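# here is my input; please provide its structure:
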Amino acid sequence: MKPRAGERGMLHHEHPWLGRTVEDTRTKRRGLLRAIAPDGDKPAPVAWLLPPHGGVEWTTAPDALAHPEPITPNSLPRP
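Numbering: from 1, shown residues only. Here you go, the predicted model:
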């Protein structure tokens, strides 16, 4: 099955800030946006964030994302 518009496959969604450090406005933490995808049995996608220097990944609502880091020649691409 092909991904629908806005999806990347494996139920992952496209987002312009993927691979950039963003703020989670609900926790006031910053993290690397790794994916927008479902979390277990929950049908709605969540944002998956990783602390900038490593650690435990966390999830938040995609609408809680704000203040992405600026794109510079050194910021892209990221794995």
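# kindly tell me how buried residue 12 is, as a neighbour count.
Applying other Cβ atoms under 10 Å, we find 17 other residues in the vicinity of residue 12. Any C-beta I mention is one placed from the backbone N, CA and C, and that applies to glycine too.
# gap between the longest strand anywhere in the chain and the chain center?
Assignment by DSSP state E gives strand 29-39 as the longest strand of the chain. On the basis of Cα atoms, centre = their mean, to the nearest Å, strand 29-39 sits 3 Å off its chain's mean C-alpha point.
# name the residues that touch that strand?
Strand 29-39 is contacted by residues 10-15, 17-24, 44-52, 57-59, 62, 65, 68, 78 when judged by Cβ atoms under 8 Å, 6 or more residues apart in numbering.
# do a quick rundown of the strands in this protein.
For the chain, the strands defined by DSSP E cover 7-9, 12-13, 21-24, 29-39, 42-50, 58-60, 65-66.
# how about residue 61: what's its closest non-neighbour residue?
The shortest distance from residue 61 to any residue other than its chain neighbours is 6.5 Å, reached at residue 46 (Cβ to Cβ, 6 or more residues apart in numbering).
# what bridges to the one you found?
Per DSSP bridges, the residues bridged to residue 46 are residue 37.
# and stretch 50-65, end to end?
Length of stretch 50-65, first residue to last, Cα to Cα, to the nearest Å: 13 Å.
# in it, which residues are buried?
Buried residues in stretch 50-65, counting neighbours by 16 or more other Cβ atoms under 10 Å, are found at 50, 58, 59, 60, 64, 65.
# right, I'll call it a day here.
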